[in-house]
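Undergrad: Sequence and computational prediction follow.
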Amino acid sequence: MRKYRIVVLPGDGVGKEVIPEAVKVLKAVGEAVDLDFEFIEFPCGGEYYLKTGLEWPEEAWQTCKESDAILFGAVGWVKNGKPVRLPNGDLAGSNVIFSLRFGLDLYANVRPVKLYPGVPSLLTYKDSEHIDFVFVRENTEDIYVPIRGMLSRGEEKELAIDVRVITRKGAERVIRYAFNLCVKRGKGAPLDRKLRVTCVDKSNLLRGCQLFREIYNMVAEEFPQVEKDYMYVDTMAMQMVCFPEKFDVVVSPNMFGDILTDLGAALQGGLGMAPSGNIGDKYAMFEPVHGSSPDIAGQEKANPIAAILAAKMMLEWLFEKRNDQKCKKGAELIEKAVKKVLIEGKIRTFDLCYGPYSNVKPSKTSEVGDVIVEEIKHEV
Ligand code: IPM
Ligand code: MG
């Protein structure tokens, strides 16, 4: 039997609480469908930097490159009320994410915006029948490229520059990824079941977005069965809230995707419900969309479902990569268990205790993981 080497990077804050739940669930799945995982864990992040002067151990990078997949929590820590920063001003720990995203060329950041039954949307009266699309955020360029600078005049900081880069190659591969995903997903938008890829940009103004849209049009020609759809980013912010059922797959440059997927999280019941996969041709890293939340860290309050659904996405990716049916089955088991727990409504962390669930007593992070594990055991 094949053994899957999974690098586990819990990071800071609630990352250290939700990732163990995802690992616990993966272990249960391993037993249920006879999958063998080897988990190799490394500390990393802002707190680790305070202790060691490094953002992650030196050997971690090489181990990531030799792994089958990476499971990541969140980074970012505070000390004396201030974010822990590197001497150059970057958030301590952020280079772990960017080393992985850029260094392993994980160009597609796949963020499902899916509302599960038993979770009321925070933004709209619309329900799980209406909110089920996938955001594909470009993940290696745009304003995240490390081409920046700060100039001072005398003592005073005077001018700051961040360069926004969009390339043909970067746009083409992520747009093609989005179209292929749309066809593979095969379910279309909730509104009309049409396969649709929406291109989100600001091509009424920005040159990079004009190039992005031109390449979108070129790639779209290869997919006549998929409807072309265009949305300026500002309009998209409104359309996502008012008409989420129109969307199937959405593709955008990096920063618009960063911002809009937090809005997407609010549609799906909050950041505690939003998983993501950072996917390249060779490697992939899976993480909850949420950050380290120092304000609630260490209290067992965080919702582990985003991390658990990220583990589910990891299994789906392993299935595609290795054609291992057990991984597919494992992913299905996780989603089924999560759905069951949510619909029953009794076990949920504080972030989901609102609306019809406002009288539910909030559960601890590990209690949610435990009931999901129990469900998985019952399913088989
Ligand atoms: C995200 C986060 C990161 C990003 C931060 C922590 C650098 O907001 O994954 O969405 O901007 O990509
Ligand atoms: Mg973000």
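TA: Right, received. Where do you want to start? Ligands and ions are numbered 1, 2, ... in the order given.
Undergrad: Backbone dihedrals for the closest residue to Ser152 other than its chain neighbours, please?
TA: In space, and not counting its chain neighbours, Ser152 is closest to Glu158: 5.7 Å by C-beta to C-beta, 6 or more residues apart in numbering. Placement of C-beta: from N, CA and C, glycine included. Main-chain torsions, Glu158, degrees, to the nearest 10: phi -120, psi -40.
Undergrad: What about Glu158, how many residues nearby?
TA: Neighbour count for Glu158, taken as other C-beta atoms under 10 Å: 10.
Undergrad: repeat for Ile19
TA: 26.
Undergrad: Please apply the same query to the one 5 residues further on.
TA: When neighbours are defined as other C-beta under 10 Å, Lys24 has 18 of them.
Undergrad: secondary structure element for it?
TA: Assigned by DSSP states H and E, Lys24 belongs to helix 15-33.
Undergrad: Show me which residues of that helix are buried.
TA: 15-26, 28-29, 32-33 (16 or more other C-beta atoms under 10 Å).
Undergrad: Show me how far stretch 373-380 is from its chain's centre.
TA: Between the centre of stretch 373-380 and the centre of its chain there are 25 Å (C-alpha atoms, centre = their mean, to the nearest Å).
Undergrad: Please put the alpha-carbon coordinates of that stretch into PDB.
TA: Presented in PDB, the C-alpha positions along stretch 373-380 are these (Å, rounded to 0.1, in the frame of the first residue of the first chain):
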ATOM      1  CA  VAL A 373     -14.400  11.500  13.500                       C
ATOM      2  CA  GLU A 374     -17.400   9.600  15.100                       C
ATOM      3  CA  GLU A 375     -19.500  10.200  12.000                       C
ATOM      4  CA  ILE A 376     -16.700   8.900   9.800                       C
ATOM      5  CA  LYS A 377     -16.500   5.700  11.900                       C
ATOM      6  CA  HIS A 378     -20.300   5.300  11.600                       C
ATOM      7  CA  GLU A 379     -20.300   5.800   7.800                       C
ATOM      8  CA  VAL A 380     -18.100   2.800   7.100                       C
END
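Undergrad: picking that back up, of the buried residues of helix 15-33, which is the nearest to ligand 1?
TA: Gly15 (11.2 Å; C-beta to the nearest ligand atom).
Undergrad: Now that closest one: closest residue in space that isn't a chain neighbour?
TA: Per C-beta to C-beta, 6+ apart, closest to Gly15 is Gly73, 2.4 Å.
Undergrad: Next: Gln268.
TA: Leu115 (4.8 Å).
Undergrad: these two touch, right, that neighbour and Ser128?
TA: Yes. Using C-beta atoms under 8 Å, Leu115 is in contact with Ser128, at 4.6 Å.
Undergrad: More neighbours: these two, which one.
TA: Ranked by neighbour count (other C-beta under 10 Å), Leu115 and Ser128 place Leu115 first, with 23 against 20.
Undergrad: can you pull the contacts of the more buried one?
TA: Ser121, Lys126, Asp127, Ser128, His130, Ile131, Asp132, Leu267, Gln268, Gly269 (C-beta atoms under 8 Å, 6 or more residues apart in numbering).
Undergrad: Name the residues that touch the helix or strand harbouring the residue nearest to Gly15?
TA: Using DSSP H and E, Gly73 maps to strand 69-74. Strand 69-74 has contacts (C-beta under 8 Å, 6+ apart) with 4, 6-16, 18-19, 22-23, 45, 64, 96-97, 100, 283-288, 290-293, 307, 310-311, 314, 317-318.
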